[in-house]
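Visitor: Sequence unavailable; structure follows:
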């Protein structure tokens, strides 16, 4: 009779299995943001500024600094200068069409909430449409701050 | 299709209930269960009809119906079809790793899925008062309101979308499953001849279908089905008939 107890357990395992599988690449990461400056290794003096803007915070969130869109040898980069932002969970940098992130390209997790930092744009969108840079709390879909690229 | 499924489920419940009243060695019960986990909770109202097996009638097997309501907040649903997650279908998905580049996600600020399913039920009576059991949804349908969501592609591209619970539920194997399916491993303690309490572990799939095929994999396959796998502790009350 012992084998009978295996039936429900086997069914459980086979039917709802793969508990250990990863749930995809976009799970919320750590709940804190880095707070040390991060500088890229790209020589921006060899590039040209295509567009630029200034961050402003949304609601009670503080986001300050300048943002510049660079072209360096055919590659596009977003550069934050004199940057600071409120700390928050799961902060990401988006290039978006609107401040509501209805369409966007994610540049990944914010590298730091203080200081200069550089983001390579591996999938450059049309910057005439995607002309906002957002600091976005992905986990809770909240805008921390935004800058318009002009 | 919903009406047909509802009629079939009600019919089976009626038939099993009538049979139960006629014969010995059966157990009919209804349960209400609530489960809690990270960023979700769910409630389930179920009915089950068990046939007791063997001379000692400790083992029991049967079927039932269960209505599950699931409430989630800020949850990621990931690519559901086994063909995309594992590159194959059938039992082989159990032994294959996920294909990470094929797995995108949809974030729901709020998710709410209702599922009415027929279930498969097992139980073993440890004593007169204590029973351990397992049940799993097999087939049924789901419904719920359309929800706003954000699609996140592996390539960094994202956009707003909307989605509704996948309508048809079917238990197959692992990621081959379709729709929203609940399961529960529990211990039941009978307070008296009619009432008992349940403590268990719930494992629940919920699935949404987006308004369009929002995902395109690197090799060009399109997808609109996204799944969340939730687990949590369940507490419930049972009424024997």
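Guide: On my side now, so go ahead. The shown structure was predicted, so the numbers you read here are calculated from the model rather than taken from an experiment.
Visitor: I'd like to know how many residues surround residue 45.
Guide: By default, I'm working from chain A. 6 (other CB atoms under 10 Å in any protein chain shown). For every residue, glycine as well, the C-beta is placed using N, CA and C.
Visitor: The chain in question should be chain B.
Guide: When neighbours are counted by other CB under 10 Å, residue B:45 comes out with 15.
Visitor: Kindly report the same for residue A:112.
Guide: Counted with other CB under 10 Å, residue A:112 comes out at 18.
Visitor: Please apply the same query to the one 5 residues further on.
Guide: Around residue A:117 there are 21 other residues, counting by other CB under 10 Å.
Visitor: Quick check: bridge partners of residue B:201?
Guide: residue B:185, residue B:233 (DSSP bridges).
Visitor: and it, how far is that from residue B:60?
Guide: 19 Å (CB to CB, to the nearest Å).
Visitor: Residue B:48 now?
Guide: For residue B:48 relative to residue B:60 (CB to CB), the value is 9 Å.
Visitor: Equivalent analysis for residue B:188, please.
Guide: From residue B:188 to residue B:60 the distance is 12 Å (CB to CB).
Visitor: Over to residue B:94?
Guide: In terms of CB to CB, residue B:94 sits 27 Å off from residue B:60.
Visitor: out of these two, which sits in the more crowded spot?
Guide: More crowded of residue B:94 and residue B:60, by other CB under 10 Å: residue B:60, with 22 against 16.
Visitor: Now do the shared contacts for residue B:48 and residue B:60.
Guide: residue B:121 (CB atoms under 8 Å, 6 or more residues apart in numbering or on different chains).
Visitor: Run a quick neighbour tally on the residue nearest to residue B:153 when sequence neighbours are not counted.
Guide: Spatially, and ignoring its direct neighbours in sequence, residue B:153 is nearest to residue B:104 (5.0 Å; CB to CB, 6 or more residues apart in numbering or on different chains). By the criterion of other CB under 10 Å, residue B:104 has 26 neighbours.
Visitor: try residue A:76
Guide: Residues near residue A:76, counting by other CB under 10 Å: 19.
Visitor: How about the one 10 residues further on?
Guide: Counted with other CB under 10 Å, the neighbours of residue A:86 add up to 17.
Visitor: List the contacts of it.
Guide: Counted by CB under 8 Å, 6+ apart, residue A:86 has contacts A:57, A:61, A:62, A:63, A:113, A:144.
Visitor: Can you select the buried ones among these for me in PyMOL?
Guide: The following PyMOL line selects those of the contacts of residue A:86 that are buried, judged by 16 or more other CB atoms under 10 Å in any protein chain shown:
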select buried, chain A and resi 57+61+63+113+144
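Visitor: Tell me where the chain has strands.
Guide: Just going to use chain A. A:48-54, A:56-57, A:63-72, A:75-85, A:91-96, A:103-109, A:117-120, A:132-137, A:142-148 (DSSP state E).
Visitor: my bad, the chain I had in mind was chain B
Guide: Counting by DSSP E, the strands of chain B are B:26-37, B:40-53, B:59-79, B:105-125, B:130-143, B:147-152, B:157-165, B:168-170, B:181-190, B:195-210, B:215-216, B:222-223, B:225-240.
Visitor: helices and strands of the chain: which one has the lowest mean pLDDT?
Guide: Assuming you mean chain A. helix A:6-15 (a mean of 48; mean pLDDT, DSSP states H and E).
Visitor: Chain B, not that one
Guide: helix B:2-22 (a mean of 48).
Visitor: Next, work out how far apart the nearest residue to residue A:90 once chain neighbours are set aside and residue A:109 are.
Guide: In this structure, residue A:90 finds its nearest non-sequential neighbour in residue A:139, 3.8 Å apart by CB to CB, 6+ apart. Distance of residue A:139 to residue A:109, computed by CB to CB: 11 Å.
Visitor: ok, back up a step: right, and the residue nearest to residue A:90 touches residue A:92 too?
Guide: No - the criterion here is CB atoms under 8 Å, and residue A:139 misses it with residue A:92 at 9.4 Å.
Visitor: re the thing from before, between which two of the contacts of residue A:86 is the distance greatest?
Guide: A:57 and A:113 (12.2 Å; CB to CB).
Visitor: Which neighbours do those two have in common?
Guide: A:85, A:86.
Visitor: next one: phi and psi at residue B:155?
Guide: Torsion angles at residue B:155 (phi, psi; degrees, to the nearest 10) stand at phi -90, psi 10.
Visitor: Not counting residues beside it along the chain, what's closest to it?
Guide: residue A:123 (5.8 Å).
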